[in-house]
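[1] take this sequence and fold it.
(2 chains)
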Amino acid sequence: MNNRENVLELVAVSKIYSGRPVLDRLDLAIPAGSVVGLLGKNGAGKTTLIRCALGLAKPEHGTATILGETAWNLSASAKEHIGYVPQTPQLYPWMRVRHIIDYVGSFYRRWNRALVDQLARDWKIPLAQRAGTLSVGELQKLAIVLALGHEPDFLVLDEPVAALDPAARREFLKVVLEIAAGGSRSVLFSTHITSDLERVADRVAILQSGAISFFGELGELKDRIKRLRLVSTNTFPEAFDLPGILRQRIDGNEALLTTREITAELVERIESQWHATVEIQDLNLEEIFLELHDE
Amino acid sequence: MNRYAQVARTYLGRLRFWIFGGLYLWVALVILPTRWATPHERPDRGLVATGLLLSLLLSGVTGSLAALHLRRLLTGPAAHVVPGFVGPHLLVGALVSPVIWAAVPWAQANMTAMSPLRVIALGSLAGTLSALVLLWPRAIVLLGLLPVFLVWIATQRPGAALLVRFFNGEEPLASTAAIVLAVLAYPIAALALVLARDRAGTFSDELVLDRSHEVTSRWKQPLLHLRDAAIEWRIGSPGRFAWQWRRWLIPCAASWTEIGLLLALVIAVVTATGLASGNADAALLVAAVAGIVVLFIPLSSWRFRSMALAGECTRPVTRRQFVRQFMGAMLWDFAGWTAVASLVSALGYLPLAWAGEWNLLSQFGGHAAILWTLSILLYGIALATLRLRYWLPWFLGLLIGSLFTMGYVLSWLTYWWNQVPKLQQFRPFLGVTVFIVVLAGFGLLLGALAYRRWLTMEVN
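    Residues are numbered from 1 along each chain as shown, chains lettered A, B, ... in the order given. Reported below is the predicted structural model:
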């Protein structure tokens, strides 16, 4: 499993719900050994993408391949190497936590009981309690432990930290970093919490209008998208007609421009055309996300 | 808009009330009265009985759905935070119920030659059931008793005489008592629910049960402890026969102690009924009722599991294996509970055996065949509907549809059978045979269609 180039390949995947295209000819290839953060607004289609990737939903168009197999017809052995945490884990409320762990473990040949016990201890998951009495955060932790128990090569997590408190989030991120440290395992996780993504993801995929608007290394994204602060002695026009501008806010002789692709030519052109001084500002991921979505 | 009109709109805006209410009105006030269309011709007793029972069934379904609707509203967050929410809902709910179980039968009696006491007393059973459902949603499974009573009467099984007398309005005291009970039950149940709503589980009207409420209920703890032991036993016994299939059953494990206690309870009730009434038939009916209720036990867990298959579907098996193993485990569970239901029903024959009547094997054989057929039907309908969002109306609709089809085939065959003298010796077997063939066939057909559907379904 580990010598494969890509663990997930989505080619021209389209998915329509109630006549609305949620995914629209989406392409994405996740290299083996990478930790990919999937970022998108509410309703952007992150869960749909993950469901298509795991074969839980069937695309109307395109192909989804995971660990070299068609996602819709995954073999049992391929599933042995995939771990999945759904957005809202539905565990059996009437069962005790330790019984749920035993039940899930009974399906896997390489179930690492020691790892599961260790994680359950570290995350203070009450093994003797019934799942129905756990808090949302505890349920989420349990779902993550269950997904890690068979030490999957490819871990897919749909909003895994949304319900976790800061301490549990930190613990979770530590585990993800440990998984990624070996370089042999891959992780795809969707999230809204950009600071977490910055801590652990080496790549980011931004889902916009049903397609991936950016996929690449986090550093590359930060290098490309910049905010320009312009100050001039003259009054700026109402709008700049420049290539790659994502957003512009103009107030007399001051302006803030966010550009998709910063180049030396662009800076020179602004300086010479409007006699302006240009200050290039770095953006963090949250700011980039907001700029991309024009918030 | 007037607050009461707004409450009424919560009923009128739901398709299920139009469908089941419409069907009920059609059967009760259009189909049945046509039997009296020609004054010179006596209406066919069998057809009238079938029509009355079908009316009762539809009245029970409509009333139970209305009760579940009211329960959802009274236990929901709006009942706690919206001022003046409870009163109008209580009043409208308390008016809707008697319209269903009393006003329609009264109109039916006016349109036919039947006594109002007889028809309204029958309807009152649906009224009392609705009150029960309001307090305890799972009481809706008692609807399953009605078709069995139909078969009981049609096949003249032991115990039928009691039912027939009540059905024919020949027990005025019992009829009056049934009506009084229904009149009192619904308002009392609604008030009790309002008073205890903080402790009541938030059941939606699809019976998507808030199972977390169940696990904190102290009444449930002894049962849950028994099931813990059963789960541990199942987890600890891998490698035995068909483990691949049986492991899917772990979350639904039932304990032998639990089943033993259930049987002991039935023995106690059967004995008490037999002694109190001095009639072995009454004890038989009690056990038959308990047997039918047991058939519905597995539904709740499998409904919960079927609505959250994403986790189950990602286990290391192919999609085809998953569908086969999951459905196979469900079949295993249904079969297990049907065996328990058969045992429970068999207990009803104890007083007869005690009285020295030993020729009970063939009688019980027919009874068990009815139970297993119903179980096949329930399994097929469950597979076809459990994953639907609005599963309850679909479940009830398919159940009624299959019974209606069976009733139609039976009446048509009976008419044809009666024309052929040579076949009269087999007449006693006709009802049970048609029941088995039609309903088991319907269940198997639905199961096969569901299997094909599950192979290609998307999973949440």
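
[2] in its sheet, what does the one helix or strand residue A:22 maps to sit against?
    Take DSSP states H and E as the rule and residue A:22 turns out to sit in strand A:20-31. Using DSSP bridges, strand A:20-31 pairs in its sheet with strand A:6-17 (antiparallel).

[3] can you pull the contacts of the residue in chain B that chain A sits nearest to?
    Residue of chain B nearest chain A, by Cβ to the nearest Cβ: residue B:308 (3.1 Å). C-beta here means a position set from N, CA and C on the backbone, and glycine is covered the same way. Residues in contact with residue B:308 (Cβ atoms under 8 Å, 6 or more residues apart in numbering or on different chains) are A:90, B:460.

[4] from residue A:14, how far off is the residue lying closest to residue A:73 once chain neighbours are set aside?
    Leaving aside its sequence neighbours, residue A:73 sits nearest to residue B:319 (Cβ to Cβ, 6 or more residues apart in numbering or on different chains; 6.7 Å). In this view, residue B:319 and residue A:14 are 21 Å apart by Cβ to Cβ, to the nearest Å.

[5] in terms of neighbours, single out the busier of the two.
    residue B:319 (20 against 17; other Cβ atoms under 10 Å in any protein chain shown).

[6] I'd assumed residue B:345 was in contact with residue B:367.
    Yes. If you go by Cβ atoms under 8 Å, residue B:367 and residue B:345 touch, sitting 5.6 Å apart.

[7] where do the helices sit along the stretch 101-250 of chain A?
    Ranges of helices in the stretch 101-250 of chain A, per DSSP state H, counting those that start in this stretch, are A:113-122, A:136-148, A:166-181, A:194-200, A:218-224.

[8] may I see the buried residues of the last one?
    Residues of helix A:218-224 classed as buried under the neighbour-count rule (16 or more other Cβ atoms under 10 Å in any protein chain shown) are A:218, A:221-222, A:224.

[9] quick revisit: can you list residues touching both of residue B:367 and residue B:345?
    With Cβ under 8 Å, 6+ apart, residue B:367 and residue B:345 have common neighbours residue B:288.

[10] which of the two has more residues huddled nearby?
    More neighbours surround residue B:367 than the other of residue B:367 and residue B:345, with 27 against 23 (other Cβ under 10 Å).

[11] which residue ranges of the stretch 151-300 of chain B form helices?
    Applying DSSP H, counting those that start in this stretch to the stretch 151-300 of chain B gives helices spanning B:160-167, B:172-195, B:211-216, B:221-235, B:243-246, B:256-277, B:280-295, B:299-306.

[12] now the fifth one: mean pLDDT?
    pLDDT averaged over helix B:243-246 equals 84, rounded to a whole number.

[13] what helices and strands are in contact with it?
    In this structure, helix B:243-246 makes packing contacts with helix B:319-347, judged by 3 or more Cβ pairs under 8 Å, 6 or more residues apart in numbering or on different chains; DSSP states H and E.

[14] quick check, residue B:224 in contact with residue A:130.
    Yes. Contact criterion Cβ under 8 Å: residue B:224 and residue A:130 qualify, at 7.3 Å.

[15] which neighbours do those two share?
    A:94, B:215.

[16] neighbour count: these two, which is higher?
    residue A:130 (23 against 16).

[17] who's in contact with that one?
    A:93-97, B:215, B:224.

[18] what about 7 Å?
    A:93-96, B:215 (Cβ atoms under 7 Å, 6 or more residues apart in numbering or on different chains).

[19] pLDDT below threshold where in chain A?
    Low-confidence segments of chain A (pLDDT under 70): A:1-4, A:295.

[20] for the residue of it found nearest chain B, which non-adjacent residue is spatially closest?
    Nearest residue of chain A to chain B, counting by Cβ to the nearest Cβ: residue A:90, 3.1 Å away. Computed as Cβ to Cβ, 6+ apart, the closest residue to residue A:90 that is not its neighbour in sequence is residue B:308, at 3.1 Å.

[21] surely the one you found forms part of a helix?
    No. Using DSSP: H, G, I helix; E, B strand; the rest coil, the assignment for residue B:308 is coil, not a helix.

[22] if we can go back for a sec, any idea which helix or strand comes after the strand holding residue A:22?
    With secondary structure assigned by DSSP H and E, strand A:20-31 is succeeded by strand A:35-40.

[23] and that following strand, what does it pack against?
    helix A:46-54, strand A:186-191, helix A:194-200, strand A:203-208 (3 or more Cβ pairs under 7 Å, 6 or more residues apart in numbering or on different chains; DSSP states H and E).

[24] contacts for that strand, please.
    Against strand A:35-40 from outside (Cβ under 7 Å, 6+ apart): A:30, A:46, A:49, A:176, A:180, A:187-191, A:194, A:197, A:200-208, A:289.

[25] could you tell me how far it lies from the centre of the chain?
    2 Å (Cα atoms, centre = their mean, to the nearest Å).

[26] same thing with stretch A:127-146?
    For stretch A:127-146, the distance to the chain centre is 23 Å (Cα atoms, centre = their mean).

[27] same question for stretch A:190-202.
    7 Å.

[28] tell me which parts of the stretch 101-250 of chain A are close to chain B?
    A:102-103, A:106-108, A:130, A:132-133 (Cβ under 7 Å from any Cβ of the partner chain).

[29] next, format these as TSV and append distance to residue B:258.
    What follows is these, written out as TSV (distance: Cβ to Cβ, whole Å):
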residue	distance to residue B:258
A:102	20
A:103	19
A:106	22
A:107	26
A:108	30
A:130	17
A:132	19
A:133	21
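
[30] filter those residues to the buried ones?
    The buried subset of those (16+ other Cβ under 10 Å) comprises A:102-103, A:106-108, A:130, A:132.

[31] element containing the residue nearest to residue B:114 when sequence neighbours are not counted, please.
    Among residues not flanking residue B:114 along the chain, residue B:108 sits closest, at 7.3 Å (Cβ to Cβ, 6+ apart). Taking DSSP H and E as the definition, one finds residue B:108 inside helix B:104-111.

[32] my read is that residue B:375 contacts residue B:339, right?
    No. If you go by Cβ atoms under 7 Å, residue B:375 and residue B:339 don't touch, sitting 9.4 Å apart.

[33] which of these two has more residues huddled nearby?
    Counted by other Cβ under 10 Å, residue B:375 and residue B:339 do not tie: residue B:375 has more neighbours, with 25 against 16.

[34] how close does the more buried one get to residue B:227?
    Counting by Cβ to Cβ, the gap from residue B:375 to residue B:227 is 21 Å.

[35] repeat for residue A:288
    51 Å.

[36] for residue B:447, same thing?
    27 Å.

[37] also residue B:309?
    22 Å.

[38] which one's more surrounded, these two?
    Shown here are residue B:309 and residue B:227; by other Cβ under 10 Å, residue B:227 has more neighbours (22 against 19).

[39] verify the contact between that one and residue B:252 for me.
    No. Between residue B:227 and residue B:252 there is no contact under Cβ under 7 Å: 9.0 Å.

[40] alright, I will stop here.
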